[in-house]
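Peer 1: my questions concern the predicted model and sequence given below.
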Amino acid sequence: MIPHICTFSEPEDYRITDGTTVWHFDWSERFGPSLTNGKGDILSRPWPGQRSPFWRCFGLWSNQGKRWEPSGTKGVRLAIWTEPPAARYVMDVRGVIIETHEPEFFDDRYSPRIYVDQAGQPYDFPKKRKRDAQIIKLLRGSQ
């Protein structure tokens, strides 16, 4: 007997890419995505690893309304997503954010973040070791 899995999915599969890799997946509102072989058959390992770039593409596609268009292949839809705009943060000399510029369609999980100083130059975060030494010095001075 061959076991079958019922995923309650849409009749057509999706294809999504990050520009370098193409993934085919079956989409179910109840169970989420399951990777397929491009012909509709679910793979033996239907979910990519936790750090796979698939999850970023899928998350953006899902957050942006699951847009799609015909792919030219029967039974396959092309999942469309766009790279979210970067947020820009202006930092003061103490490393405190004093201005926030988060444009429309900013996505707090996936958008890149740009940190600049008040002159507009890239902000140079202090090295952790140096900060730790400063904290120790402050603690010793307070005793």
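Peer 2: Here it is on my side, so go on.

Peer 1: now do the helix or strand containing Phe58, average pLDDT.
Peer 2: Applying DSSP states H and E as the criterion places Phe58 in helix 53-63. Regarding helix 53-63, the rounded mean pLDDT is 93.

Peer 1: which elements pack onto it?
Peer 2: strand 13-17, strand 22-28, strand 76-80 (3 or more CB pairs under 8 Å, 6 or more residues apart in numbering; DSSP states H and E). (C-beta placed from N, C-alpha, C; glycine too.)

Peer 1: which phi and psi does Ile136 have?
Peer 2: Recorded main-chain torsions at Ile136 are phi -60, psi -40, according to degrees, to the nearest 10.

Peer 1: hmm, who's touching the helix holding Phe58?
Peer 2: 16-18, 21, 23, 25, 33, 35, 48, 67, 79-84, 107, 109-110 (CB atoms under 8 Å, 6 or more residues apart in numbering).

Peer 1: got it, and stretch 73-89?
Peer 2: For stretch 73-89, contacts defined as CB under 8 Å, 6+ apart pick out 11-16, 24, 38, 40, 57, 60-61, 64, 66-71, 97, 99-107, 110-116.

Peer 1: list the buried residues of it.
Peer 2: Neighbour-count burial for stretch 73-89, counted by 16 or more other CB atoms under 10 Å, picks out Val76, Arg77, Ala79, Trp81, Pro84, Ala87, Arg88.
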